[in-house]
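Engineer: next comes the sequence, and after it the predicted model I'd like to discuss.
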Amino acid sequence: MALLSRVSPACLEQLDYEAHQKARVLFRADDPEMRARLFVVSQEIMVAVQEARLTAASTIHPRQSQPPYQHPAISGISIDSEGLVPLSAFAIQGDGLEIDGHVFFMMSPIQANNANFWTLAAIQRLGLGDAVRVRLDPLLHGPAERIGGRFYSMIVYGQQLDWDRIADLRKPEHGRWQPGSLSTRSQFTDYVWDPRGSEVHFVCEEVPLAYDIRERGSRYFHAVFDKQSGRLTHVDGAIRLYSDAEHGVRVTQHVRHASKIGKRVKVFRAERPIASEALSELCPAFFVWNYDVARYFGTDIPPSI
């Protein structure tokens, strides 16, 4: 109650209609002012937790001492140089990863810690459970009898890209989208198909707003299409973390020119070549709630969050 009482009237007055509607859904209090106070405090806690999550995932070394990798339930699992572990070591229950009576979660690239449900669902549909390594959330885990994976009914599926056109590219093909009212909040999302000899590299990044970079990075997706085999020889999803100065530079550039600015933290990576068609499911699932990416891949994602 002490935290609630510290919320100033001026702070409450700044809440817009959307914030009040979210508070109505999240909290059962009958008093609108109490709901508003609960909403403000919950947002502050969410920011603090996400900051702690990103700090834990990006600055603690060696990898074996980085939470949650010191937990006894996963003490025998191999951790690679990017802090990823084999997904096949876990039983996937919704978005929960169960092992030895304990449930872990894949680290989310955005504040919504349920965002990976759709990425994991796509990985399973594509039969890639034995080919993917993932980063575990450093904060969210617990005994299976107390915490479990979540299940959602939102359907995600994609249409096949024209890979003949991609294979025939002679120069980079690129674009940029400004977020609509339904998409996750961001500065913009840009992408490029970049032909390099016998390969075409696909990069897509959702760049956060300047005032969001304390608690979130960008969602960053990279894939390599091999023209000769017609398969994806590399796929990974990551978070790209920016300082104020780096973000200021990034928003003046397109992703095809952004190079290695910022710090990349891998969320998942495929360990073997996979069918090119998998990109139409994996990329929209990783960018769940980004409806520009969904439309680009011809993906049907209802406006639900």
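Structural biologist: All right, it came through fine.

Engineer: gap between residue 277 and residue 247?
Structural biologist: Look at residue 277 and residue 247: by C-beta to C-beta, to the nearest Å, they are 34 Å apart. The C-beta positions use only the backbone N, C-alpha and C, and glycine is treated the same way.

Engineer: so these two - more neighbours on which side?
Structural biologist: residue 247 (21 against 17; other C-beta atoms under 10 Å).

Engineer: what sits against that one?
Structural biologist: Residues near residue 247 by C-beta atoms under 8 Å, 6 or more residues apart in numbering: 207-208, 210, 213, 262.

Engineer: just the ones in strands from those, please.
Structural biologist: Counted as lying in strands by DSSP state E, out of these, are residue 207.

Engineer: now the two most distant members of the contacts of residue 247.
Structural biologist: 210 and 262 (13.4 Å; C-beta to C-beta).

Engineer: higher neighbour count, these two?
Structural biologist: residue 262 (22 against 13).

Engineer: for the more buried one, list the residues it contacts.
Structural biologist: For residue 262, the contacting residues are 217-218, 240-243, 246-247, 250, by C-beta under 8 Å, 6+ apart.

Engineer: one more pass at 6 Å, please.
Structural biologist: 240-242, 246 (C-beta atoms under 6 Å, 6 or more residues apart in numbering).

Engineer: same check on residue 220?
Structural biologist: 205, 238, 240.

Engineer: by contact count, what packs against the helix or strand in which the first one is found?
Structural biologist: It stands for residue 205. In this structure, residue 205 sits in strand 199-207 according to DSSP states H and E. Here strand 199-207 touches strand 188-196, strand 218-226, going by 3 or more C-beta pairs under 6 Å, 6 or more residues apart in numbering; DSSP states H and E.

Engineer: that older thread, what is the nearest of the contacts of residue 247 to residue 103?
Structural biologist: Using C-beta to C-beta, residue 208 is the member of the contacts of residue 247 that sits closest to residue 103, with 28.6 Å.

Engineer: so how many other residues sit close to that closest one?
Structural biologist: Neighbourhood size, residue 208 [other C-beta under 10 Å]: 26.

Engineer: and the pLDDT at it?
Structural biologist: Listed pLDDT for residue 208 reads 93.
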